[in-house]
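Participant: Generate coordinates for the sequence data below:
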Amino acid sequence: MQEGAKVKYSNPAYITDVQVFTVRRRRNDPYLTNITATIHVPFGNNVTVKFSYLLPSGNTVDFSIRTCDSINKPWMYEFAATYSNLTECPVKPGTYRYFNVEIPPKNFPLPLPPGLKKGDKGNVNVKLLRNGKEPILDLFTTVRVY
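Facilitator: Numbers count the residues shown, from 1 in each chain. Okay, here's the model as predicted:
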C-alpha cells in the first residue's frame, strides 16, 4: 500500500507541470499513483532513473538504470507499456503520464529483505538524474508492506 505521493523537486529546464497524486477507488482497493509531466528536452541514456527504498531498519535498497537501457528489460518495458504512454527511447519532448501505478509494482523483481512484516512502512524515492548527477525530478511516497 502506498500513501502521500508528492513531488520533492523538478528542474524547470528539463521538466514542468509535474503532478503526482495517490488515490484509491474503493475502501479495500489498493492505492494507485498517477504522474503527469511535460518533458522539454530529449531523454536518452544521459538520464538515469534511480529508485531508493528506505527500509524501517534504516537500510536502503537502491536500483538505477539509464533511460534507454530500461527498454531492454522486459519487466520495465511491460510496466511502461501497461501504465504509461512512454515506451520509446530516446524520449521526445512532450507530455507523459503514468496512471494507476501500484508502488512497488507487482512485477518489480526486487525481493524484500527478511524481517519485514505486515504494516511496516518504507519510503520510496524515484529520481531522474541528468548524466547521473544533475537532478531533474525527485518523487517521494511511503509504502506499507501488506
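Participant: how far away is the residue most central in space within the chain from Asn28?
Facilitator: Taking C-alpha atoms, centre = their mean, the centroid of the chain lies closest to Val126, which sits 4.7 Å from it. Applying C-beta to C-beta, to the nearest Å, the value for Val126 to Asn28 is 26 Å. The way it works is simple: take the backbone N, C-alpha and C, and place the C-beta from them, glycine included.
Participant: likewise Asn85?
Facilitator: 29 Å.
Participant: coming back round to it: what about the residue nearest to the centre of the chain, distance to Phe21?
Facilitator: 15 Å.
Participant: what does Ile15 give?
Facilitator: Taking C-beta to C-beta, one finds Ile15 at 17 Å from Phe21.
Participant: and these two? which has more neighbours close in?
Facilitator: Each of Ile15 and Phe21 has its neighbours counted (other C-beta atoms under 10 Å); Ile15 has more, 20 against 13.
Participant: ok, now which ones touch the more buried one?
Facilitator: Shown in contact with Ile15 (C-beta atoms under 8 Å, 6 or more residues apart in numbering): 37-40, 128, 136-137.
Participant: change it to 7 Å
Facilitator: 37-40, 136-137 (C-beta atoms under 7 Å, 6 or more residues apart in numbering).
Participant: and the longest helix that the chain contains, which residues are buried?
Facilitator: Ranked by number of residues, the top helix in the chain under DSSP state H is helix 74-83. Buried residues in helix 74-83, counting neighbours by 16 or more other C-beta atoms under 10 Å, are found at 76, 79-80, 83.
Participant: how far is the helix or strand of the chain with the lowest mean pLDDT from where the chain is centred?
Facilitator: None of the helices or strands of the chain scores lower by mean pLDDT, DSSP states H and E than strand 2-10, at a mean of 83. Offset of strand 2-10 from its chain centre (C-alpha atoms, centre = their mean, to the nearest Å): 10 Å.
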